[in-house]
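> the sequence isn't on hand, but the structure is:
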């Protein structure tokens, strides 16, 4: 039996959609690929022929990011990005910000807990596994905080 991804990949390539799918994955996982503050000052704009155009919110960050281009390329290697270019532009709000916004009935995590989670998952190379570990830790910290404060979920 063949894996689904071995069947879908050639189909997407044949339809010319492989790069569009990779670009959507990059956008979706941006806050995971690049931690704060980096992810807050840059966002992917387009992907064409393996070249990723990244919007940056200020000239200062543009200069700073150009110094870290090799590291940025290394983080994007799993997405088959061959080159990156930076330009001043509108930076899209990351998914991570929305996740950290407290929701009614859901206890928010403190800075120390978030920092501990970030430090723990930083070394996990596999993006899917990294997000699963992050969610599990957030859930664990959330339950502990609820027990400690007596809040109800």
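Structure received. As the structure is a computational prediction, the values presented were derived from the model and not from experiment.
> for the chain, what spans make up the helices?
Under the criterion DSSP state H, the chain contains helices at 4-14, 18-33, 38-41, 59-67, 69-76, 95-100, 111-121, 127-149.
> can you spell out which helices and strands pack onto the fourth one?
Contacts defined by 3 or more CB pairs under 8 Å, 6 or more residues apart in numbering; DSSP states H and E place helix 59-67 against helix 38-41, strand 51-56, strand 83-88. Quick note: C-beta positions are derived from backbone N, CA and C, even for glycine.
> among those, which is nearest residue 126?
Among the helices and strands packed on helix 59-67, helix 38-41 comes nearest to residue 126, with 18.5 Å by CB to CB.
> what's the mean pLDDT across that closest one?
Averaging pLDDT along helix 38-41 gives 88.
> before we move on, back to that, in a markdown table: the helices of the chain, plus distance to residue 84 and mean neighbour count.
Below are the helices of the chain laid out as a markdown table (distance: least, CB to CB, whole Å; neighbours: other CB atoms under 10 Å):
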| stretch | distance to residue 84 | mean neighbour count |
| --- | --- | --- |
| helix 4-14 | 22 | 10 |
| helix 18-33 | 11 | 16 |
| helix 38-41 | 13 | 18 |
| helix 59-67 | 9 | 13 |
| helix 69-76 | 6 | 14 |
| helix 95-100 | 20 | 13 |
| helix 111-121 | 23 | 14 |
| helix 127-149 | 18 | 14 |
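> low-confidence ranges in the chain?
1-16, 93-108, 143-153 (pLDDT under 70).
> how is it divided into domains?
If you go by automatic domain parsing, the domain ranges for the chain are 4-88, 102-149.
> just to revisit the earlier point, closest one to residue 71 among the helices and strands packed on helix 59-67?
Nearest of those (CB to CB): helix 38-41, 9.6 Å.
> and the closest one, what does it pack against?
Right, helix 38-41 is packed against helix 18-33, helix 59-67 by 3+ CB pairs under 8 Å, 6+ apart.
> distance between the ends of stretch 45-63?
18 Å (CA to CA, to the nearest Å).
> sorry, back to before: for residue 122, which of the helices and strands packed on helix 38-41 is the nearest?
Across these, closest to residue 122 is helix 18-33 (CB to CB), at 10.4 Å.
> packing partners for that closest one?
helix 4-14, helix 38-41, strand 42-48, helix 69-76, helix 95-100, helix 127-149.
> what do you get if the cut-off is 10 Å, keeping everything else the same?
With contacts defined as 3 or more CB pairs under 10 Å, 6 or more residues apart in numbering; DSSP states H and E, the packing partners of helix 18-33 are helix 4-14, helix 38-41, strand 42-48, strand 51-56, helix 69-76, helix 95-100, helix 127-149.
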